[in-house]
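J.: output the structure for:
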Amino acid sequence: MEITKDIKYIGVNDHDIDLFEGHYIVENGMAYNSYVILDEKIAVMDTVDTHFTEEWLTNLKTALNGRKPDYLIVQHMEPDHSANIVNFLKEYPETVLVASMAAFNMMKQFFGTDYADKKMVVKEGDTLSLGKHTLSFVAAPMVHWPEVIVTYDGCDKVLFSADAFGKFGALDAEEDWACEARRYYFGIVGKYGMQVQTLLKKAGNLDIQTICPLHGPILTENLEYYLNLYNIWSSYGVETEGIMIAYTSVYGNTKKAVEILADRLREKGCPKVVIADLAREDKAECVEDAFRYGKLVLATTTYNTGVFPYMREFINSLTERNYQNRTIALMENGTWAPMAAKTMKAMLENSKDITFTENSVCIRSALNDESLAQIDALAEELCREY
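T.: Below you'll find the model as predicted:
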């Protein structure tokens, strides 16, 4: 694939993988992107996952067309991008490795050597001339590992963005970018919103016409759309006006209450209502929606004097990603000692800018007139701004 006249795509598609990072469901596979810049000198941008060594080296050899690379630029040391450094150097032993000092330290951990005889350490503001292409390096620590650098080619106005602007899914999968990019972002990068904001500010000073991430498609059109979404996500802003209801239910009474609340919200004109059964739906999808919408309803049963395990896991997934700037409503069910609401509120007490609704719902085993009235009052409060 040709990105520009001098920049070629040499990455691979992985349709064999079922769980990315052993955790995230990827029904449409995964892309491991790699690029080569052909100039007076040649730079290869990152490697790929270890399962695709031969395919990647063949892609590289084809792009080189008899030439040899001068540099291998390592932007990110996660193994899906760095695993083939050793195999690359066996094939092209005279190549210079270009990376941050933190990346070289990680190479020693992964491979037993930091390649002292062939390493070029770069930091924020350093440049590397390939001829007409001059590469500028931008430090991007904790987006989403500490060693990360991104690279800007001023000639073709291309930003090689490491894992930023990546998404789940192989390149030959036809799917909406935002959905899988959002799930990828909040699952993997979401904790580091402040660091992403810093990177976006640096990127704002560059004339970028193409973004080449390490996962997902190359972005060439309507870049403001992608930059705007990243700004919303990384500032923990509200992308879509609406309400997510996340629930667990043991015998169906909490589920029934959730369905009644959703009906009430729709009747009152709420622009969007999303319901997620935490025991049955993809957790990463649920986390994605919790960050997408401005209001969240948590509904669960009391379990072992706390909350049902799937709800505990869900809230932990939110708080470890710095969940903030949201309105939250609580619904609990308990037959003899309801404790779920108190537990959920305590789990969220260190989250920034969380507003809890004045109204909540307490169900004693099954719905009755009192708890139905509480649902009506909660629906009225949640829809007040709409």
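J.: do a quick rundown of the helices in the chain.
T.: Per DSSP state H, the chain carries helices over the ranges 53-64, 79-82, 85-91, 101-111, 177-184, 193-203, 223-234, 253-267, 283-292, 309-319, 340-347, 369-382.
J.: now the angle from the longest one to helix 340-347?
T.: The reference is to helix 253-267. 70 degrees (axes from the mean of the first three to the mean of the last three Cα atoms, to 10 degrees).
J.: alpha carbons only: can I get helix 253-267 in PDB?
T.: Provided in PDB are the C-alpha atoms of helix 253-267 (Å, rounded to 0.1, in the frame of the first residue of the first chain):
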ATOM      1  CA  ASN A 253     -36.600  -8.000  39.500                       C
ATOM      2  CA  THR A 254     -33.700  -5.500  39.100                       C
ATOM      3  CA  LYS A 255     -33.900  -6.000  35.300                       C
ATOM      4  CA  LYS A 256     -37.600  -5.300  35.400                       C
ATOM      5  CA  ALA A 257     -37.000  -2.000  37.300                       C
ATOM      6  CA  VAL A 258     -34.300  -1.000  34.800                       C
ATOM      7  CA  GLU A 259     -36.600  -1.600  31.800                       C
ATOM      8  CA  ILE A 260     -39.400   0.500  33.500                       C
ATOM      9  CA  LEU A 261     -36.900   3.300  34.100                       C
ATOM     10  CA  ALA A 262     -35.700   3.100  30.500                       C
ATOM     11  CA  ASP A 263     -39.300   3.400  29.300                       C
ATOM     12  CA  ARG A 264     -39.900   6.400  31.500                       C
ATOM     13  CA  LEU A 265     -36.800   8.100  30.200                       C
ATOM     14  CA  ARG A 266     -37.800   7.600  26.600                       C
ATOM     15  CA  GLU A 267     -41.300   8.800  27.300                       C
END
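J.: surely residue 128 touches residue 135?
T.: Yes: the pair residue 128 / residue 135 is scored as a contact, 4.6 Å apart, by Cβ atoms under 8 Å. For glycine as for every other residue, the C-beta is placed from the backbone atoms N, C-alpha and C.
J.: any residues in contact with both of the two?
T.: By the contact definition Cβ atoms under 8 Å, 6 or more residues apart in numbering, residue 128 and residue 135 are jointly contacted by residue 43.
J.: these two: which is more packed in?
T.: residue 135 (24 against 19; other Cβ atoms under 10 Å).
J.: isn't the more buried one up against residue 125?
T.: No: using Cβ under 8 Å, residue 135 makes no contact with residue 125, being 11.9 Å away.
J.: contacts only, for the residue lying closest to residue 83 once chain neighbours are set aside.
T.: Nearest residue to residue 83, sequence neighbours excluded (Cβ to Cβ, 6 or more residues apart in numbering): residue 50, at 3.9 Å. With Cβ under 8 Å, 6+ apart as the criterion, the residues that contact residue 50 are 79, 83, 84.
J.: what about the closest residue to the last one other than its chain neighbours, how many neighbours?
T.: The spatial neighbour of residue 84 that comes closest, neighbours along the chain excluded (Cβ to Cβ, 6+ apart), is residue 47 at 3.6 Å. Burial of residue 47, expressed as a neighbour count using other Cβ under 10 Å, amounts to 27.
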